[in-house]
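Peer 1: no sequence on this one, just coordinates:
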């Protein structure tokens, strides 16, 4: 698995890295890149802290992850 020319699978042996990889890292990364490409992420950042918080909550719900 490669993102931005970094080989994430090269971190073999790390329990922490393994748990991240098993937690659908590729799905998360693809969704994050799609949000950036669509302009949604940039728009949220331009709205400031409140826009960022709203976007993070929506992104977490989209990925069915608990967001505090």
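Peer 2: It's in. All values reported here derive from a predicted model rather than from experimental measurement.
Peer 1: Might one say that residue 63 is in contact with residue 28?
Peer 2: Yes: when contacts are counted by Cβ atoms under 8 Å, residue 63 is listed as touching residue 28 (6.4 Å). For every residue, glycine as well, the C-beta is placed using N, CA and C.
Peer 1: What residues of stretch 32-40 count as buried?
Peer 2: residue 35 (16 or more other Cβ atoms under 10 Å).
Peer 1: hang on, I meant stretch 54-68
Peer 2: Buried-residue list, stretch 54-68, by 16+ other Cβ under 10 Å: 55, 59.
Peer 1: Can you pull out the residues in contact with it?
Peer 2: Stretch 54-68 is contacted from outside by 24, 27, 28, 31, 32, 35, 40, 41, 44, 45, 47, using Cβ atoms under 8 Å, 6 or more residues apart in numbering.
Peer 1: Without its sequence neighbours, what residue ends up closest to the first one?
Peer 2: With Cβ to Cβ, 6 or more residues apart in numbering as the measure, residue 63 is the residue that lies nearest to residue 24, at 7.8 Å, once sequence neighbours are left out.
Peer 1: that older thread, pLDDT-wise, what's the bottom of the contacts of stretch 54-68?
Peer 2: Of all the contacts of stretch 54-68, residue 24 has the smallest pLDDT value, namely 78.
Peer 1: What's the local residue count around that one?
Peer 2: For residue 24, the neighbour count with other Cβ atoms under 10 Å is 14.
Peer 1: for the helix or strand harbouring residue 37, packing partners?
Peer 2: Element membership for residue 37, per DSSP states H and E: helix 25-38. Packing partners of helix 25-38 (3 or more Cβ pairs under 8 Å, 6 or more residues apart in numbering; DSSP states H and E): helix 40-46, helix 49-62.
Peer 1: now it and helix 49-62, what's the angle there?
Peer 2: 140 degrees (axes from the mean of the first three to the mean of the last three Cα atoms, to 10 degrees).
Peer 1: from now on call the first residue 6
Peer 2: Yep, numbering from 6; the last one is helix 30-43 now.
Peer 1: Enumerate every residue touching residue 56.
Peer 2: 48, 49, 50.
Peer 1: Appreciated, that's everything.
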